[in-house]
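In: Test case, fold it:
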Amino acid sequence: MIIDISGAGSLLSSLGSIIVAGFIILLVLSSAIKIIPEYRRIVLFRLGRLVGSRGPGIVFIMPFIDRAVTVDLRILTLDVPVQEVITKDNVAIKVNAVVYFRVLEPAKSVVEVENYVVATSQLAQTTLRSVVGSVELDEVLSSREKINQELQKIIDDRTDPWGIKVSAVEVKELELPDGMKRAMARQAEAERERRAKIIAAEGELQAAEKLSEAAHKMESSPVTLQLRYLQTIREISGERNTTTFFPIPVDLIQPFIDKLSGRGDKA
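Out: Numbers count the residues shown, from 1 in each chain. Down below sits the predicted model:
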């Protein structure tokens, strides 16, 4: 029995070639087929020219001809570093903020700017210094919402050509010098004392008005004065009070008062 070794060798060689070719085809298909999730898009360049954005789902790419750049469409949180700013009334403060933005047009975010995250960060820093530096310290402290809206509008307008939408800008922290903190504490204390004095004065005025009304009523009805006198005695006399009050009607001693006053007139 004779075995043809040359035929078996050629068969193995053909089988090896088929395996290599299949492996190459598998690699090409794996690089040509992309599965893009819902929150991402790919910007496709064919021979250097912009084709457009693709996704979500299955996207076919021509190997060695197309170049794909992945862009995330989710809202990104950008932390603006602490900026030292001099306000309009020449007060040095430190302030930082946070920016919320997302990509609306993936092609513009890749073509119009080199790195949209870094560019947005630098723009947010300069805008924060510019806006805070154009207002006084009291406005920064009391009108933070207005400043947030102004920051959001300016940054959104500047990043719109890049295909980016800024949804919100929030000033997080505001650090004041120690001397300014003490001055503000003294100012707040003086303001509270002023309010306390005004409230006390208003209370005295209202009490005087009520006492004046009561005096007019007692003048028209003298018996109310006697009733008030008896009520005052009852309030003074407590359960453990050893002092006893004996009310004496004024009418009872009025003749003696008149007699004494008559003697004084004769003298």
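
In: Strands along the stretch 51-200 of the chain, start to end?
Out: 57-60, 66-72, 76-86, 92-103, 164-175 (DSSP state E, counting those that start in this stretch).

In: deepest of these, which one?
Out: strand 92-103 (a mean of 19; mean count of other CB atoms under 10 Å). Every C-beta, even on glycine, is put in place using the N, C-alpha and C of the backbone.

In: Tell me how far that one lies from the chain's centre.
Out: Here strand 92-103 is found 11 Å from its chain centre; the criterion is CA atoms, centre = their mean, to the nearest Å.

In: Which other helices and strands does it contact?
Out: Contacts defined by 3 or more CB pairs under 8 Å, 6 or more residues apart in numbering; DSSP states H and E place strand 92-103 against strand 76-86, helix 116-133, helix 137-142, helix 144-159, strand 164-175.

In: what's the least confident helix or strand in the protein, going by average pLDDT?
Out: Counting by mean pLDDT, DSSP states H and E, the weakest-scoring helix or strand in the chain turns out to be helix 250-266, with a mean of 66.

In: picking up where we left off before, do you know which of the strands of the stretch 51-200 of the chain lies nearest residue 253?
Out: strand 164-175 (74.6 Å; CB to CB).

In: chain center to that closest one: distance?
Out: Remark: strand 164-175 is offset 8 Å from the chain centroid, using CA atoms, centre = their mean.

In: Provide the angle between the direction of that strand and the direction of helix 144-159.
Out: 140 degrees (axes from the mean of the first three to the mean of the last three CA atoms, to 10 degrees).

In: Begin at 29, not 1, for the rest of this chat.
Out: Shifting the count to begin at 29 puts that one at strand 192-203.

In: Quick check: neighbours of strand 192-203 in the sheet, parallel or antiparallel?
Out: Here strand 192-203 has these sheet partners by DSSP bridges: strand 120-131 (antiparallel).

In: coming back round to it: would JSON lines of the strands of the stretch 79-228 of the chain with mean pLDDT be doable?
Out: Output for these, formatted as JSON lines (pLDDT from 0 to 100):
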{"stretch": "strand 85-88", "mean pLDDT": "88"}
{"stretch": "strand 94-100", "mean pLDDT": "92"}
{"stretch": "strand 104-114", "mean pLDDT": "92"}
{"stretch": "strand 120-131", "mean pLDDT": "94"}
{"stretch": "strand 192-203", "mean pLDDT": "92"}
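
In: Can you add distance to residue 260 and give the ones you listed back as JSON lines?
Out: Below are these laid out as JSON lines (distance: least, CB to CB, whole Å):
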{"stretch": "strand 85-88", "distance to residue 260": "92"}
{"stretch": "strand 94-100", "distance to residue 260": "82"}
{"stretch": "strand 104-114", "distance to residue 260": "65"}
{"stretch": "strand 120-131", "distance to residue 260": "60"}
{"stretch": "strand 192-203", "distance to residue 260": "57"}
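
In: For residue 100, which non-adjacent residue is spatially closest?
Out: Using CB to CB, 6 or more residues apart in numbering and skipping the chain neighbours, the partner closest in space to residue 100 is residue 68 (5.7 Å).

In: Among the helices and strands packed on strand 120-131, single out whichever gets nearest to residue 220.
Out: Of all these, helix 165-170 comes closest under CB to CB, at 17.3 Å.

In: and the residue minimising distance to the centre of the chain, bridged to which residues?
Out: Centroid-nearest residue in the chain: residue 198, 5.7 Å away (criterion: CA atoms, centre = their mean). Per DSSP bridges, the residues bridged to residue 198 are residue 126.

In: how close does it sit to residue 182?
Out: From residue 198 over to residue 182 the distance is 14 Å, taken as CB to CB, to the nearest Å.
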